[in-house]
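>>> Below are the sequence and a predicted model; questions follow.
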Amino acid sequence: MKKYNFNAGPCVLPKPAIESAIEAIRDFDNTGIGILEISHRTPGWERIMKETADLWRELLHIPDNYKVLFLGGGASTQFFAVPANLMKKKAAYLKTGTWANKAIKEAKFYGDVEIVASSEDKNYSYIPKGYTIPEDADYFHITSNNTIFGTEMHEDIDSPVPLVADMSSDIMSRPVDISKYGIIYGGAQKNVGPAGVAFVIVREDLLGQLDRPLQSMVDYRSHISDTEKNRSMFNTPPVFSIFVMHETLKWLKELGGVEVMHRMNKEKAALLYDEIDRNTLFVGTAAKEDRSIMNVCFVMSDEHKDKESAFLKFATERGMIGIKGHRSVGGFRASIYNACPREAVEALVKCMQDFEKQV
Ligand SMILES: *Cc1c(COP(=O)(O)O)cnc(C)c1O
């Protein structure tokens, strides 16, 4: 039976990226040795590093005063690397869910954290609006897409202080005005590759303003100095993960880039949300205007609550993988990232309709 992967992360990757990864494990760049075994100082690899950074710049129109880094440790390492590099005294955070809370916890090691607004009162089912960002904060941190709660900020907001965004789960899903941000970071394993590498896009002039020492690995400037030589190799980079990211971005470019992807993502999300709104068995959990086009969260409606495990079983038998909701929301979550084909969303919609017919 055909399987459809709706996992939240790691998640589905484009087929061509998987095929090139398999080939590269056998023989990388006609060197006669595989990508898992080559030195990261071989010219073929340095070319891949440069091309990957160039793909990022091209696809997101990243201005020259920003650097693009590929680092180990996942987005979770950036939760403390960001305050380590930017916080002098106080930072402002938008509290929109589990990942935002983890970022807040780490920031507190470096100074005062002001929670500007929170959606905790309604189990993070919406994005707070109408708040004021304090002008004396060193930066303002947002989570642009809340992977667990299925809410997303659809616009690039204005901020009087450097804007920092965890874009782990919506990077490359829509065009972004990079110039509105100080730092954008995330783990690759949702939209741009496999686990093992994080991306950091940083406006260079924000760095080097602290009067405390910083460990070399945490200091973005250590990684940037090597990027100048077209590499991001202060230490051994996660070679294989970066290679698969390179192939994933090539696939995205061939498809027409981020603008085309955004249109396709909106269409896929609309298919699924339309069915959730039509089908009386299901209810969406996120406020309509804040619905994520990446993670679609829904539960059984009140009068059908008892059918939750029956639907999960029904869907699993039809090849749907990874649609069980996160425990903090319950119900179901379909993650429909860039590489999730429209066909998968259609299959899930059909499954919801078939289930409706038999209850
Ligand atoms: C998955 C995720 C993370 C955690 O990423 P790791 O690479 O596992 O550390 C952080 N933030 C968001 C928004 C996520 O979706």
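Alright, I've got the coordinates. Residues are numbered from 1 along each chain as shown.
>>> From now on I want contacts and neighbour counts done on CA atoms only, so please keep to that.
OK.
>>> all strands for the stretch 251-359 of the chain, in order.
Listed in chain order, the strands found in the stretch 251-359 of the chain under DSSP state E, counting those that start in this stretch are 282-284, 295-300, 320-321, 332-335.
>>> Where does pLDDT dip in this protein?
Applying pLDDT under 70 to the chain flags the ranges 226-232.
>>> Kindly report the residues of it close to the ligand.
Within the chain, the positions adjacent to the ligand are Gly74, Ala75, Ser76, Trp99, Thr143, Asn145, Asn146, Thr147, Asp166, Ser168, Ser169, Gly187 by C-alpha under 6 Å from any ligand atom.
>>> any idea how far the fourth one is from Met167?
Read that as Trp99. Noted for Trp99: a distance of 11 Å to Met167, by C-alpha to C-alpha, to the nearest Å.
>>> Equivalent analysis for the third one, please.
Relative to Met167, Ser76 is positioned 12 Å away (criterion: C-alpha to C-alpha).
>>> The fifth one too?
Plainly put, Thr143 is 6 Å away from Met167 if you go by C-alpha to C-alpha.
>>> quick one, which of these two is more surrounded?
Neighbours per residue, other C-alpha atoms under 10 Å: of Thr143 and Met167, the larger number sits with Thr143, 30 against 25.
>>> Give me the domain ranges for this protein.
15-255, 258-358 (automatic domain parsing).
>>> out of those domains, nearest to Ala8?
Closest to Ala8 of the domains of the chain is domain 258-358 (C-alpha to C-alpha; 5.2 Å).
>>> And the closest one, end to end?
The straight-line separation of the ends of domain 258-358 (C-alpha to C-alpha) is 40 Å.
>>> And stretch 295-308, by the same measure?
OK, stretch 295-308 end separation, C-alpha to C-alpha: 19 Å.
>>> is it true that Leu210 touches Pro83?
No: counting by C-alpha atoms under 8 Å, Pro83 is not a contact partner of Leu210; they are 10.8 Å apart.
>>> And those two? Which one has more around it.
More crowded of Leu210 and Pro83, by other C-alpha under 10 Å: Pro83, with 24 against 13.
>>> dump the residue contacts of that one.
Applying C-alpha atoms under 8 Å, 6 or more residues apart in numbering, one finds that Pro83 lies in contact with Ala91, Ala107, Tyr110.
>>> With adjacent residues omitted, what lies nearest to His291?
Just so we're on the same page, residue 291 is Arg rather than His. Thr151 (4.9 Å; C-alpha to C-alpha, 6 or more residues apart in numbering).
>>> Which strand residues bridge the closest residue to the ligand within the stretch 251-359 of the chain?
The stretch 251-359 of the chain approaches the ligand most closely through Asn295 (9.7 Å), counting by C-alpha to the nearest ligand atom. Legend: beta-bridge partners of Asn295 under DSSP bridges are Ser335.
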